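Visitor: can't give you the sequence, but here's the structure:
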Ligand SMILES: Nc1nc2c(ncn2[C@@H]2O[C@H](COP(=O)(O)OP(=O)(O)OP(=O)(O)O)[C@@H](O)[C@H]2O)c(=O)[nH]1
């Protein structure tokens, strides 16, 4: 994963290959038993195919691919030889990519599995050569089928799973710092048409082989109008099995109250947000000595309605446990 702009939707024009023409060739060699019509079939036009790749996390690699064209089928020729099939064009996408018809906005399909392939523009069938049309009444048909024309359309690819874990917290809670210690790769997000707010997002590596995406969700708490727009745009994309991680600093005057305020903001913003699993990370706990921590723990055990844990990004405390807990909640 390289750094760069994060893109979660891309528009492009796709066209399949047209089918090759059937041949209307007539063999005129005198003593050839196979004389007569011997025109071969046209080859199939290439498909445009969308394929799931679990190692991709963004649509960035497609950002500048405005026109996709699969290869045309070759024409049939003499001696019943069939034209070659046009080359398929395979577009690889991250899992969770939704493909829409741009014109109608209808969802065509969604790619959810590694290696899954769906044809988005079907290659035209090749036309039949003239020998197929030989009959008792017409020994030398001069007719062969044309290939089926290509199919073209405008499509929009949209990445639905933008984050598995959404970070919620007031400014200064330590969201950026936590992201920076938890994540292995940080694709920068930019180029949003409607706002200058940039959500912070990272890929968390979990026990060598697993990964999940963690992102802060800007604009919910800040309340700026354009921020709300962006927040909505992102939240819309968060899958149902995702988790909300509330980040509240250990030195907050009343952790329980801060949690309630954040929760209320979310509720007013979009009640569906409350359907997600939630956990609290009490951040910056390096600021507490053991005694204070024990006191706070006793209090929180009694008051907080959801699971919580202490973390410190700076002192790297509780980070592995946090990953374990999040992973358990996600799976
Ligand atoms: N002591 C201590 N300070 C921390 C820790 N994590 C973050 N901070 C400090 O808290 C301040 C805010 O941290 P950020 O990570 O920028 O917080 P944020 O939530 O991303 O803030 P916004 O970008 O304003 O939303 C910074 O001065 C950090 O250095 C921590 O684990 N311990």
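Guide: Here it is on my side, so go on. The structure displayed is predicted, hence computed values, not measured ones. Residues are numbered from 1 along each chain as shown.

Visitor: kindly report the residues of the stretch 201-331 of the chain close to the ligand.
Guide: 283-284, 286-287, 312-314 (CB under 6 Å from any ligand atom). The way it works is simple: take the backbone N, C-alpha and C, and place the C-beta from them, glycine included.

Visitor: please convert the buried members of those into PyMOL selection syntax.
Guide: To isolate the buried ones among those in PyMOL, judged by 16 or more other CB atoms under 10 Å, type:
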select buried, resi 283+284+312+313
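
Visitor: show me which pair in the residues of the stretch 201-331 of the chain next to the ligand is furthest apart.
Guide: With CB to CB as the measure, no two of these lie farther apart than 287 and 313, at 11.8 Å.

Visitor: list just the nearest of the residues of the stretch 201-331 of the chain next to the ligand to residue 271.
Guide: residue 283 (26.3 Å).

Visitor: OK, contacts around the closest one?
Guide: Going by CB atoms under 8 Å, 6 or more residues apart in numbering, residue 283 touches 169, 173-174, 178, 247-250, 311-313.

Visitor: isn't there a strand covering residue 203?
Guide: Yes - assessed with DSSP: H, G, I helix; E, B strand; the rest coil, residue 203 lies in a strand.

Visitor: show the pLDDT at it.
Guide: At residue 203, the pLDDT value in this model is 76.

Visitor: check residue 4 too.
Guide: pLDDT, read off for residue 4, is 35.

Visitor: isn't residue 42 right up against residue 132?
Guide: No - using CB atoms under 8 Å, residue 42 makes no contact with residue 132, being 11.9 Å away.

Visitor: higher neighbour count, the two?
Guide: Neighbour count, other CB atoms under 10 Å: between residue 42 and residue 132, residue 42 has more, with 34 against 17.

Visitor: where does the stretch 51-200 of the chain dip in pLDDT?
Guide: The stretch 51-200 of the chain contains residues with pLDDT under 70 at 160-162, 184-200.

Visitor: what does it put close to the ligand?
Guide: By CB under 6 Å from any ligand atom, the residues of the stretch 51-200 of the chain that approach the ligand are 169, 171-177.

Visitor: kindly recompute the last result at 5 Å.
Guide: Within reach of the ligand by CB under 5 Å from any ligand atom, the stretch 51-200 of the chain has these residues: 171-177.

Visitor: turn those into JSON lines, columns for secondary structure and neighbour count.
Guide: Shown next, in JSON lines, are these (DSSP: H, G, I helix; E, B strand; the rest coil; neighbours: other CB atoms under 10 Å):
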{"residue": "171", "secondary structure": "coil", "neighbour count": "8"}
{"residue": "172", "secondary structure": "coil", "neighbour count": "10"}
{"residue": "173", "secondary structure": "coil", "neighbour count": "23"}
{"residue": "174", "secondary structure": "coil", "neighbour count": "21"}
{"residue": "175", "secondary structure": "helix", "neighbour count": "23"}
{"residue": "176", "secondary structure": "helix", "neighbour count": "13"}
{"residue": "177", "secondary structure": "helix", "neighbour count": "15"}
